[in-house]
Structure formats: structure tokens, C-alpha cells
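In: sequence and predicted structure, then a few things I'm wondering about:
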Amino acid sequence: MEQEVQIDLEGEIRRFPRGVRAVDLPDRDPEAVAAWIDGQVVDLKRPITKDGALQWLTFDDSSGRLVFRHSSAHLLAQAVKRLWPEAKLGTGPALDDGFYYDIWLPSPLSEADLARIEAEMRRIAAENLSIERLELTREEANQIFSERGEEFKLQIVERIPDGAVISAYRQGDFVDLCAGPHLPATGLIGAVKLTNVSGAYWRGDEKNPMMTRIYGTSFPTEDALNQHLERVEEAKQRDHRKLGPQLDLFSFKEEAPGFTFWHPKGYQLYRTLEEFSRRLQQERGYQEVSTPWIYRAGLWQRSGHWDHYRDNMFLVEREDEVLGVKPMNCPGHALLFKGDIRSYRDLPMRLAEYGPLSRFERSGTLHGLLRVRGFHQDDAHLFVREDQINQEMFGVLDLMDVVYRAFGLPYEVVFSTRPDDYMGDLALWDKAEAELEQVLRDRGLKYQINPKDGAFYGPKLDIAAIDSLGRRWQLATIQLDFQLPENLDLHYVDSEGQLRRPVMIHRAIMGSLERFIGILVEHYGGAFPLWLAPVQARIIPITDQQTSYAEEIRRKLIRHGIRAEVDSRNQKMGYKIREAQLEKIPRMLVVGGRDQENHTVSVRTREQGDLGAKPWPDYLHQLVEEAEMPLA
RNA sequence: GCUGGCGUAGCUCAGCUGGUAGAGCAACGGUUUCGUAAACCGUAGGUCGUCGGUUCAAAUCCGACCGCUAGCUCCA
């Protein structure tokens, strides 16, 4: 057996004694936190026994960062164990921008405790304890963790299959069961911050004990940590729950948890979106309807909602009868479809509705506009012949593309296929799935497949949009449904005079308008593009000599469909500009004596500032053009 | 729903270990009539989330409830 290994270090092949550790190699990157050796992230202290290429991983590599954060989680656990020896450790993984550890504690933690733990973590980091990997037999592992009273760790050991390596990492007197890899020593963790505490069930199961989950983040230096904290603060400023009330768009009141109060400006925004959707859909042959929002339980029983969705419905009881408030429009649209004899020539029939929907969401899950109990969708149901599925799906995907491009939202498609508990005819499923894939290919869309994640009534496409902060939001959903037409006995007459079953396509593009607005507020940071802005132009007279001229301009703008208002308050121009800017109004039209005389407006835009005086009627027409909806 | 945290004027927040509330901004009134991000003076505004308890005395301590929030769970 050879006594040496060949290691490819940045293209240079060098020989070292077998079992050499990366940490001992010459020219080691001083910032390295781990190494990448032949496709595997390993500890710097792991003996190298095979030839291969080695790359240093630092905090700037995502896999290096995960190692760093994972070791930070151990640091947290060690600190907690020092302060509360009776604490029992659960699991503590690294996250994208930090880490957490689930720990069972005898009593709840307070904010002050977090500071204490943080201080202890800094102390341990300063001690610069060496982190060592141990490989254990099952017996050794059981012994170590039962001695320490780590019952949760014992449960994890139990689940490790025979033959797998059981490893643990030791730093000082602290040992944690862990696959690794880890930093070579605690001293590399230069800055830590514990951010919040919450509860989490052991293994995520409500029946298991509740652990305390402590979240934190860590960086090599204080500077990097501070930068990160600033970014978090910025994201917080963009939070729709903060911006919404600040921009006077909407509010929530404790008298109606989960339902939105739309203020005038927010409702304007809402109506603009609805109108945008309406116009796009009208062009594409959709017909808008309005259907009842409360139905007798019998309908929900026939539609299948009673069995599958009742817990999420608001139910009312009157005259010894139970009625359900609709959580979705499909049964209503199906009833409307069924109300007449339909010919194959009537199909596809595309019914759209923006009416109110309500779903009972558990109190703990409500979250601003993103998770509400009362909402409205840009909803539609297409009743189609089997031979029209392809063409209609194509049309829906086309519409979706127009909508998302209008908001500058790139998107990803996930195709969910037949689940195990599917209903209906297997051959029809196969055919539908094949057609959906064909449509995706026809449109040249890249997509991921989520096997067995479809609805029980049909396969579906879920579309996730990526916002300006890089976050993914599941928005549109397009679902084929073979089941509801069956359950509600829908049919049409084909060219031979035979009764046939239509297929239903459920689809929403923006999804819930409430949720979509919440996302848009954060996507734009409240600075909506001109066509969406609730107030598009604010007219700012410099002195009260110009109020009538300002008023005349406002009337013209309004007549041309521009949402404009005059700030006639007794304040200096600079003050009014500042307020308009803070309210993120896209255009400010300053009118002073000179403007009145020359028949101009002095234009200031939210982004570019002062553009100087523009001849008046000309600017009106320019603005009208700039404010057009992006319909194509 | 479960576990933690939070709840003081419209908003942002102060109010130490109990002695019945304070600032800035906003609002309102007046003065000022002003050219691209905050003029000046004044006034008013709160049963401290709700209910109950401890206490001579509760924004402050305790309990329950409501709401929000971080998560967990759920999600046709």
C-alpha cells in the first residue's frame, strides 16, 4: 500500500504522506472553513487517504457557509448546555442565512436569556476550542448520549441504519451527534447574533413534546454581521404589513381577524388589478359572472368539498339546515353551466369571477395579506371538450405570461402528477398528463415535475414567481378536473347528439388578489409603477395664488383617466414634495406663478427628480400614454 | 389549534425595582405666500388590548381572554 497520496491543489499535483490533514497542508487558504475533496465537503481535519483534487471552501461559498453555520449551531447548543445542564438537545441545522437549534428546556426563555446565551457563545468562541470528529459504534453512541441524558439524540441514533457511520463532534466537554462536517475550531466564529425564539414540536409532530427553537446567525466578522442585520432591517421596511398601513392602503382590525379593510388607495390598487385582469380576459373570450356565496350543504357534499374541505369552511346553521360559505367558485360555476343544455359548439366556455371567497384558516396561520380568511381571486373555470384541453391550456399559459411580465416577475413551473389516492379513469389521467407536458413543451417552458403531488381530481401546474428580493411565491395554479363534472353530472351534446362529459380547468393567475397585492407591495417596496399607483400625480401649487390653475389641471387629468389630486395645504413646496415622495407618488406636478403664466407644469418624477417645466396640454397626453396598462 | 414573544395618543417610541402617563411626527387653530425632500407659534388628543385578582395604591405584579407576531401543524 502506498504511503503517499497525490493531491491536486489548484491545478498543481503534489504528494503528501497518506492521512495528511487539509489543515496541515502548506499554502492553506487562511479563510478556509472546510474543503471540497472530489465532490464531498469534508472537515479540514479529516485525514486524506485517497488521491484527489482539493479546493478550499470559505464562508463565501454556500457550502462553506453551511459548515460555518452548522458549527455555530453547535456553539449555541454548547452555550445552552453550560447555562442549563438539564437541557436536552434535539436537532440544530444550518439555514440559508443562519441556523437554529431545537432544545428542550425546563422553563421558557426570555429576551434576557438570549443575551446571556450569546455572551456564553462568544466566550466559547474566544476559548477557540478544537473541534474533533469522533466515529462511534452504536454501543458507544448509546453510552455517550444516555450518560448525558440526551434522550432525543438516542432516538436519532436508533434511526441510523446499521452499517452507516455514526459520527459525533467534540469541542471541549461538549459532544454532539452529528454527521458534520465542521470547522476546525470554535475561534473562527467571529460574530454571532441570536435573533428569535419560538416553539417547535419534536420531529414536527403535534403529539410530541414542544421544544424551544432558538434562531441565530453568525459571520466571520462583526462587520459582516452588521451588514447582514442592516439587510434584514431593509427587508423589514419593505414588509407589506408595515408599508400597507403606512401608505394607507389597508388595515386589519381585531374585530375581524383575517379579513382586510381596504382603504381608498388600497382599493384603488385592487380595482386596477381587477380591471387589468378583466380586460385581458375579455380579449380572450372569458365571460364574467357572479354566483352565490352561500350554498346548502348538499352541494358541498356532492362536490366532494364536504369530505375533503369542510374543516376549512365557514358554516352557518339556519332553520335546521347547514349552509356553507364558498371557499372557491367551482361548484357555483358548474351549477351555472348545468343550468342549460350545452352544445359542443358552446365549448370552451370560460367563466370568470372575482367574487368573495372565504376559508377558515387556523388563527395561528394568519399572516397579513398573505394568509387571510376572506379574499378574492382572479378565478375562472373553463368547461372544455377533451380535444380542447391542449389549446385551452396553451391559452391560459399565454395569459399568465402576459400578466407576470407586466409586473416584472420571472416564474417557474411545477407540474404535479397523479397522486396515489387519485379518482377517476386511469387512461384519462395518462392522456391528460401527456397533454399537459406537451403544452409545456409547445410553449418552450422549463418545468419541474413533482410526482404524485397533483390534486386527487386531476393533474395540475403550479407557478411560482420570483420577486425583486429573490423570493419565490406560489401564485398561479392551473388544474385539470375530471371529477367535479362527474360528481355534479355535467354534460354537453356532441355533434352526434350524444351526451358527453366536459372537462373543467380551474385556473387563477394572480391567485388571491389580496395576497398578490401583499407580494406586489414588497416586490416594489411600495413604489408602484405609474399604471398601478393609487395616486398617479399630485399637483403641488406653490402658493395659494395657483389653486384654481392647479384645480383646472386636476380636472383635466381626471377626465383623461389619470388619478390626480391637489395638495392645497398651506405648506411650503419642499414640504409637499417631501410628503409626496414619502408616499411614493410617481409624478409631482409643481405649479407656480411662472407655470400659470406660461401655461406649463413643472414635472418631478419619483425616480428622477425635477424634469423642469413642460407645456401643459402636451404633458397631459404624454402622461396618459405613460400610464397605459401593459396589456400585451 | 399548539409553544414562545409582544400589545402605552393616528404613527414611532419613553415611562427604573408598583405612587393613577410623556416626547417627536401626524391632526387641529393661527401667522407666513414660499420654485424641487421638513417654516414658525399655539391647541387638543390616552378608562396604558379586555376582564378579573393581589395591594392603601397597578401601565407596572398575577390569571384568563382577545389580537398581533416568530415558528410548529394544516393547506382542494
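Out: Right, received. Where do you want to start? Note that this is a predicted model, so its numbers are computed, not measured.
In: hmm, A:Lys193 is touching A:Ser218, no?
Out: Yes. The criterion here is C-beta atoms under 8 Å, and A:Lys193 meets it with A:Ser218 at 7.4 Å. All C-beta spots, glycine's among them, are computed from the backbone N, C-alpha and C.
In: how much space separates A:Thr547 from A:Gln571?
Out: 13 Å (C-beta to C-beta, to the nearest Å).
In: repeat that for A:Ala627.
Out: 27 Å.
In: of these two, who's got more company?
Out: Ranked by neighbour count (other C-beta atoms under 10 Å), A:Ala627 and A:Gln571 place A:Ala627 first, with 21 against 13.
In: now list whatever residues contact both of A:Lys193 and A:Ser218.
Out: A:Leu225 (C-beta atoms under 8 Å, 6 or more residues apart in numbering).
In: quick one: which of the two has more around it?
Out: Counted by other C-beta under 10 Å, A:Lys193 and A:Ser218 do not tie: A:Ser218 has more neighbours, with 28 against 19.
In: helix/strand/coil for the more buried one?
Out: Under DSSP: H, G, I helix; E, B strand; the rest coil, A:Ser218 falls in the strand class.
In: okay, A:Leu109: pLDDT?
Out: Looking at A:Leu109, its pLDDT stands at 67.
In: could you pick out the residues of the stretch 501-632 of chain A near RNA strand B for me?
Out: A:542-545, A:569-575, A:577-578, A:581-582, A:588, A:590-595, A:602, A:604, A:609-610, A:612-613 (C-beta under 7 Å from any atom of the strand).
In: narrow those to those that are buried.
Out: Using 16 or more other C-beta atoms under 10 Å as the burial test, these include A:542, A:573, A:577, A:588, A:590-592, A:595, A:602, A:604, A:613 as buried.
In: for stretch A:49-61, output the C-alpha coordinates as CSV.
Out: The C-alpha trace of stretch A:49-61 is given here as CSV (Å, rounded to 0.1, in the frame of the first residue of the first chain):
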residue,chain,number,x,y,z
THR,A,49,-6.4,8.8,2.4
LYS,A,50,-7.2,8.9,-1.4
ASP,A,51,-5.7,10.8,-4.3
GLY,A,52,-7.9,13.6,-5.4
ALA,A,53,-8.4,17.3,-6.1
LEU,A,54,-8.8,19.7,-3.2
GLN,A,55,-10.5,23.0,-3.1
TRP,A,56,-10.7,25.3,-0.2
LEU,A,57,-14.1,26.4,0.9
THR,A,58,-14.6,29.7,2.7
PHE,A,59,-17.5,31.5,4.2
ASP,A,60,-18.2,32.9,0.8
ASP,A,61,-19.0,29.5,-0.7
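In: which helix runs longest in chain A?
Out: helix A:62-83 (DSSP state H).
In: what's the burial count for A:Lys452?
Out: 12.
In: could you check how far it is from RNA strand B?
Out: 12 Å (C-beta to the nearest atom of the strand, to the nearest Å).
In: can you tell me the centre-most residue of chain A?
Out: A:Trp473 (3.6 Å; C-alpha atoms, centre = their mean).
In: for it, give me its contacts.
Out: Counting by C-beta under 8 Å, 6+ apart, the residues that A:Trp473 touches are A:464-467, A:519.
In: next, the buried residues of the helix or strand where it lies.
Out: With secondary structure defined by DSSP states H and E, A:Trp473 is part of strand A:472-481. Residues A:473, A:475-481 are the ones in strand A:472-481 that count as buried (16+ other C-beta under 10 Å).
In: quick one: is that strand near RNA strand B?
Out: No. On the criterion C-beta under 7 Å from any atom of the strand, strand A:472-481 is out of touch with RNA strand B, staying 8.1 Å away.
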